[in-house]
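> Sharing a sequence plus its predicted fold:
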Amino acid sequence: MAPEDRRPVAPKAGRPLGLKAGRTMHAGPVTYLVLALFTAVSLAPLIWTAIAASRTSGRLAQTPPPLWFGGNLFKNLERAWTEASLGDAMLNTTIVAGSITIGTVLFSTIAGFAFAKLKFKFSGLLLLLTIGTMMVPPQLSVVPLYLWIADLQWTNQLQAVILPTFVSAFGVFFMRQYLLQALPSELIEAARMDGASSLRIIWHVVFPAARPAMAVLGLLTFVMAWNDFLWPIIALNQSNPTVQVALNSLGTGYIPDRAVIMAGALLGTLPLLLAFVIFGKQIVSGIMQGAVKG
Amino acid sequence: MSETAEYAETASPGEGDAAPAASGSRKGSPTSSWRSRLYRWDIKASPYVFVAPFFLFFGAFGLFPLLYTGWASLHRLELTNLDDSTWLGLENYTNLLQSDYFWNALGNTFTIGIISTVPQLAVALGIAHLLNYKLRGSTLWRVAMLAPYATSVASASLVFTLLFAWDGGMVNWVIGSVGIDPVNWRESSWGSQFAVSSIVIWRWTGYNALIYLAAMQAVPHDLYESASLDGASRWQQFRHVTIPMLRPTILFTVVVSTIGATQLFGEPLLFGGTAGSKGGADHQFQTLGLYLYDQGWINGHLGRASAVAWLMLVILLLIAAVNLLIARRLRKAQ
């Protein structure tokens, strides 16, 4: 089951990378101006979330809306943290997203390696199956999954959210595409000649070669798992929520205070924005790599 | 299939019967034959071992539920009594096809899908074109454009709900300052659908721009050189070189965005607040995804929800078929 936001990679456009690919025209002032405008549109809602979170509920109902920060930020953050149990929710989400990331990266790497470099019966068919189901919507599995976790009495427990998303077809395909090019077959051959077992080859040859792609896949998976929505709100409720479940109950009037709601929205996004500030370059190149290699 | 044919392509030929050179044991000794058998077994079985964890999870939590949903859709299955399911045949489906709310949700999914996907991809193409110039701080621009992608559906929807609020909302204030009457973004039909779409557009435009940018950078430089030698303006180059070269990527993003639009769920749910799963008081922005959730977990008809899920799959397959047809047409026309 793929989380609702999981978007697979695009096929390669045009010819394979030629001698001189891409354009090298310099940008003029108009280009910068238009880009600045789009950047403003893309960042404004995020900045305004912080502004709204620093105000009071009453001020947010007045016209004109506040355009600069007020003094209530920490009070609102504290209320969201405790009253809307966002503190617990963030811990839960860290556990969930962390486990899913580890599972996805590990199993995608070894399965991707098998598909890229090993020959076995039905490998083509299995790969096709993997890619084909990447586009099946998660709605198609929520009813049986719900019956299942109800049967196991896992409702409201974190493993109910972790296990269905523990592996990812996108991840397998992503690692396969990377390892096809990044891992020379001679390297595996040499290791085999030295009598290395498959496990040793995975550990000493595949993992080191795959490390950059594993990091990128890990980042993308973490973002997707942190933001997953449909399945968590079915499987969990307010007593043991992930961030998205807690935000959903905030939005449906659990706490009617607008400023606290905005503080919650800010808290729920902050860890990922932080990751973006630190790893932005890797995330961007990961998405672009996934789009071109194919 | 012969034994050697199943060997990894990386194993060198002639190695099959001998223990690996490094093992150092003499051929024929008990340890050596045990080792070589182990080694052969390792080469033969390890690919399956490596893909097994993925397929075990995938089968249990992806493939099996997919089929089981089809089975459940033929039963009466209520949330209040999970152990009791009675066979209904196609009754869930015929009920759905006679329900006004189902058709309403299908129509809403279609209109919201169009008004969120078309501008999103068009703007993304424009932004990608600009990002493709030689820019100062190019990484910074890209990261900034992608920032909304890091924001969750829930956070983004909460913020946009406030931006589109009737009282004190930013949007009504801005359009009011240029003399337009405030719009009731939650109650009006087209207004609420526009508001929901704007959340989607905001979150995904930068992402799609990066996909296009990656494709643009793979376009060979000399195509532009020869185009400019022929006297093509920048706009003509964009239309007659960039767009045709990007056609597979554009088609891909259209398919993916359409699939995303068909599943639209979180944005309208949170935008609706307390009336979330209904998609507003008049179901004015209830999508198929919301309708499924409303039927299954608010009204408790899990069998009916399963039928909605399977109808969604049918719709997706239809969309994919239409896309394929259009793609073939375009290729022929070229």
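Perfect, thanks for sending it. Everything quoted here is computed from the prediction, not taken from an experiment. Numbers count the residues shown, from 1 in each chain, chains lettered A, B, ... in the order given.
> in the one helix or strand A:W48 maps to, what's buried?
Assessed by DSSP states H and E, A:W48 sits inside helix A:29-53. Within helix A:29-53, the residues that count as buried by 16 or more other CB atoms under 10 Å in any protein chain shown are A:31-32, A:35, A:38-39, A:41-42, A:45-46, A:48-53. Just so you know, the C-beta spots here come from the backbone N, C-alpha and C atoms, and that holds for glycine as well.
> the strands in chain B, which residues?
Applying DSSP state E to chain B gives strands spanning B:75-78, B:81-87.
> Chain A: which of these is closest?
With CB to the nearest CB as the criterion, chain A lies closest to strand B:81-87 of the strands of chain B, at 5.6 Å.
> Paired strands for the closest one, with orientation please.
strand B:75-78 (antiparallel) (DSSP bridges).
> CA atoms only: put the strand it pairs with into PDB for me.
What follows is strand B:75-78, C-alpha atoms only, in PDB (Å, rounded to 0.1, in the frame of the first residue of the first chain):
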ATOM      1  CA  HIS B  75     -21.200  -8.300   0.900                       C
ATOM      2  CA  ARG B  76     -23.100  -6.400   3.500                       C
ATOM      3  CA  LEU B  77     -20.400  -5.600   6.000                       C
ATOM      4  CA  GLU B  78     -21.000  -3.100   8.800                       C
END
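> Could you count how many residues lie near A:S85?
The number of residues packed around A:S85, counting by other CB atoms under 10 Å in any protein chain shown, is 20.
> Contacts only, for it.
A:238, A:241, A:246 (CB atoms under 8 Å, 6 or more residues apart in numbering or on different chains).
> pLDDT score for the second one?
Okay, so that is A:P241. For A:P241, the pLDDT comes out at 92.
> Test my guess that it contacts A:M90.
No: under the criterion of CB atoms under 8 Å, A:P241 is not in contact with A:M90, lying 10.0 Å apart.
> The two: who's more crowded?
A count of neighbours by other CB under 10 Å puts A:P241 above the other of A:P241 and A:M90, at 24 against 20.
> how about that one, secondary structure?
coil (DSSP: H, G, I helix; E, B strand; the rest coil).
> give the contact list for it.
A:85, A:88-89, A:92, A:232, A:249.
> how close does it get to B:R331?
49 Å (CB to CB, to the nearest Å).
> ok, now how distant is the nearest residue in space to A:A209 that is not next to it in sequence from chain B?
Nearest residue to A:A209 in three dimensions, chain neighbours excluded: A:L183, at 4.5 Å (CB to CB, 6 or more residues apart in numbering or on different chains). Separation of A:L183 from chain B (CB to the nearest CB, to the nearest Å) stands at 10 Å.
> can you list the contacts of A:S85 in TSV and add distance to B:L251?
Below are the contacts of A:S85 laid out as TSV (distance: CB to CB, whole Å):
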residue	distance to B:L251
A:Q238	43
A:P241	39
A:A246	39
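> Specify which member of these is nearest to chain B.
A:A246 (8.6 Å).
> Helix or strand: which one has the closest one?
Counting by DSSP H and E, A:A246 is found in helix A:243-251.
> How far off centre is that helix?
18 Å (CA atoms, centre = their mean, to the nearest Å).
> and stretch A:119-136, which residues are buried?
Quick answer for stretch A:119-136 (16+ other CB under 10 Å): A:120, A:123, A:126-127, A:130-131, A:133-136.
> Could you list which of those residues also contact chain B?
By CB under 8 Å from any CB of the partner chain, the members of the buried residues of stretch A:119-136 lying near chain B are A:120, A:123, A:126, A:130, A:133, A:135-136.
> Show me which of these has the smallest pLDDT value.
Lowest confidence among these: A:M135, with 74.
> can you map out the helices along the stretch 151-294 of chain A?
A:159-162, A:169-182, A:185-193, A:198-201, A:207-227, A:230-235, A:243-251, A:258-292 (DSSP state H, counting those that start in this stretch).
> how about the ones you listed in CSV, adding mean neighbour count?
Converted to CSV, the helices of the stretch 151-294 of chain A look like this (neighbours: other CB atoms under 10 Å in any protein chain shown):
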stretch, mean neighbour count
helix A:159-162, 21
helix A:169-182, 22
helix A:185-193, 16
helix A:198-201, 18
helix A:207-227, 21
helix A:230-235, 24
helix A:243-251, 26
helix A:258-292, 22
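> out of these, which comes closest to B:G272?
Closest to B:G272 of the helices of the stretch 151-294 of chain A, according to CB to CB: helix A:243-251, at 8.8 Å.
> Look at the closest residue to B:L96 other than its chain neighbours and report its pLDDT.
For B:L96, ignoring the flanking residues on the chain, the nearest one in space by CB to CB, 6+ apart is B:F102 at 4.8 Å. You'll see B:F102 listed with a pLDDT of 95.
> number of nearby residues for B:F102?
Neighbour tally, B:F102, other CB under 10 Å: 20.
> Equivalent analysis for B:I115, please.
Neighbours of B:I115 (other CB under 10 Å): 19.
> Now do the same contact list for it.
Contacts of B:I115 (CB under 8 Å, 6+ apart): B:193-194, B:197.
> now B:A261
Per CB under 8 Å, 6+ apart, neighbours of B:A261: B:109, B:112-113, B:116-117, B:200.
> ok, now how distant is it from chain A?
11 Å.
> And that residue, what's its pLDDT?
At B:A261, pLDDT is 89.
> Tell me the spacing between it and B:T287.
Taking CB to CB, one finds B:A261 at 9 Å from B:T287.
> Report the set of residues contacting both of the two.
B:109, B:112.
> my read: A:P64 touches B:V174, true?
No: in this structure, A:P64 is not within contact of B:V174 by CB under 8 Å, at 9.2 Å.
> any weak-confidence spans in the chain?
Picked chain A for this. A:1-24, A:290-294 (pLDDT under 70).
> Chain B is the one I meant
B:1-30, B:334.
> and A:W81, how far is that from chain B?
15 Å.
> Please read the previous query as pertaining to A:A191.
9 Å.
> And for that residue, nearest residue in space, chain neighbours not counted?
Closest to A:A191 by CB to CB, 6+ apart is A:I201, at 5.0 Å.
> Cool, thanks, talk later.
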